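**Q** Okay, structure incoming, though there's no sequence with it:
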């Protein structure tokens, strides 16, 4: 944890880094049992994922499609007791196609800092849709 | 909700945006953004550029909600580089009612909030109402 930052900033950073490393068992500890994960856009993975297991399955599927290359370089995290906002530079590769976008990621947090709701929007949503078009 | 006394200056500035939208004061809204503002949204044109784009974005929301759209600030988080506002937005049209949480992310620059991401948590409900 960095000096002066909110406890949840460090907590969210650790969870996001676990996702990038593909450490889904570690990621599970950051998710509330009844977490709701909204994946926007218009591609096969778009939709709402309800509950920790469904969210982890989505994360595994996304990382598997990208061959483990799905990575977030955290630009900044702003967090409080209730919410977090993450500016994340996302890159990934799949069979010669690359993804390179800045993703704004919003989180609602419970009293223990666990993530209860997630939603996001990229600066190039069309590129996101094109990249995940082959995922199923 | 009033601003906490310790709120970052960028957060204080951002807080004034939904307040101006609620008043219908679009010129006050524009003052918070540079002329080359970029606005990312999950629907519609998806990317709105400049004051004309911003006016089209807000104009569409006002038109589709018959002027009933009301943003209520839940919390604003800010730093020297970025700001995120969590807003509850309500709107009504005939028997249809919208009530969604929206996160507005922005970069902080000398001319105002240059790049903006406008994210409804329930984009399906948002698109159904405003689409």
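**A** Alright, I've got the coordinates. Worth saying up front: this structure is predicted, and the values here are computed from it rather than measured.

**Q** Point me to the residue of chain B nearest chain A.
**A** Proximity of chain B to chain A (C-beta to the nearest C-beta) peaks at residue B:84, 3.1 Å away. All C-beta atoms are positioned from the backbone trio N, CA, C, and that covers glycine.

**Q** Contacts only, for residue A:51.
**A** Shown in contact with residue A:51 (C-beta atoms under 8 Å, 6 or more residues apart in numbering or on different chains): A:33-35.

**Q** Next up, the contacts around residue B:10.
**A** If you count contacts by C-beta under 8 Å, 6+ apart, then residue B:10 has B:78-80, B:82-83, B:108 around it.

**Q** Can you pull the residues of chain B lying near chain A?
**A** Chain B has residues B:40-42, B:46, B:74-75, B:77-79, B:81-84, B:86, B:101, B:103, B:105, B:115, B:117-123 near chain A, with proximity defined as C-beta under 8 Å from any C-beta of the partner chain.

**Q** Give me the below-cutoff pLDDT ranges for chain A.
**A** For chain A, applying pLDDT under 70 flags the ranges A:1, A:3.

**Q** how close does the residue positioned nearest the centre of it get to chain B?
**A** For chain A, residue A:16 is the residue whose C-alpha lies nearest the centre (C-alpha atoms, centre = their mean; 6.5 Å). Look at residue A:16 and chain B: by C-beta to the nearest C-beta, to the nearest Å, they are 15 Å apart.

**Q** which residues touch stretch A:105-113?
**A** A:7-8, A:11-12, A:30, A:32, A:79, A:81-88, A:115-120, B:84, B:86, B:101, B:103, B:105, B:119, B:121.

**Q** Look at residue B:27 and report its pLDDT.
**A** Note for residue B:27: predicted pLDDT of 92.

**Q** Find the residue closest to the closest residue to chain B within chain A in space, skipping its chain neighbours.
**A** Minimum separation of chain A from chain B (C-beta to the nearest C-beta) falls at residue A:85, amounting to 3.1 Å. The shortest distance from residue A:85 to any non-neighbouring residue, by C-beta to C-beta, 6 or more residues apart in numbering or on different chains, is to residue B:84 (3.1 Å).

**Q** Now do the helix or strand encompassing that neighbour: which elements does it pack against?
**A** Using DSSP states H and E, residue B:84 sits in strand B:82-93. When contacts are defined as 3 or more C-beta pairs under 8 Å, 6 or more residues apart in numbering or on different chains; DSSP states H and E, strand B:82-93 packs onto strand A:71-79, strand A:83-94, strand A:97-109, helix B:9-23, helix B:50-64, strand B:70-78, strand B:96-109.

**Q** Chain B contacts on chain A?
**A** A:38, A:40-41, A:75-76, A:78-80, A:82-83, A:85, A:87, A:104, A:106, A:108, A:117, A:119-123, A:125-126.

**Q** now these: which count as buried?
**A** Neighbour counting over the residues of chain A next to chain B (16 or more other C-beta atoms under 10 Å in any protein chain shown) leaves A:38, A:40-41, A:78-80, A:82-83, A:85, A:87, A:104, A:106, A:108, A:117, A:119-123, A:125 as the buried ones.

**Q** hmm, back to that, among the contacts of stretch A:105-113, which ones are buried?
**A** Among those, those scoring as buried are A:8, A:11-12, A:30, A:32, A:79, A:82-88, A:115, A:117-120, B:84, B:86, B:101, B:103, B:105, B:119, B:121 (criterion: 16+ other C-beta under 10 Å).

**Q** Any buried residues in the lowest-mean-pLDDT helix or strand in chain B, and which?
**A** Across the helices and strands of chain B, the lowest-confidence element by mean pLDDT, DSSP states H and E is helix B:123-130, at a mean of 91. For helix B:123-130, a neighbour-count test (16+ other C-beta under 10 Å) marks B:123, B:126, B:129-130 as buried.
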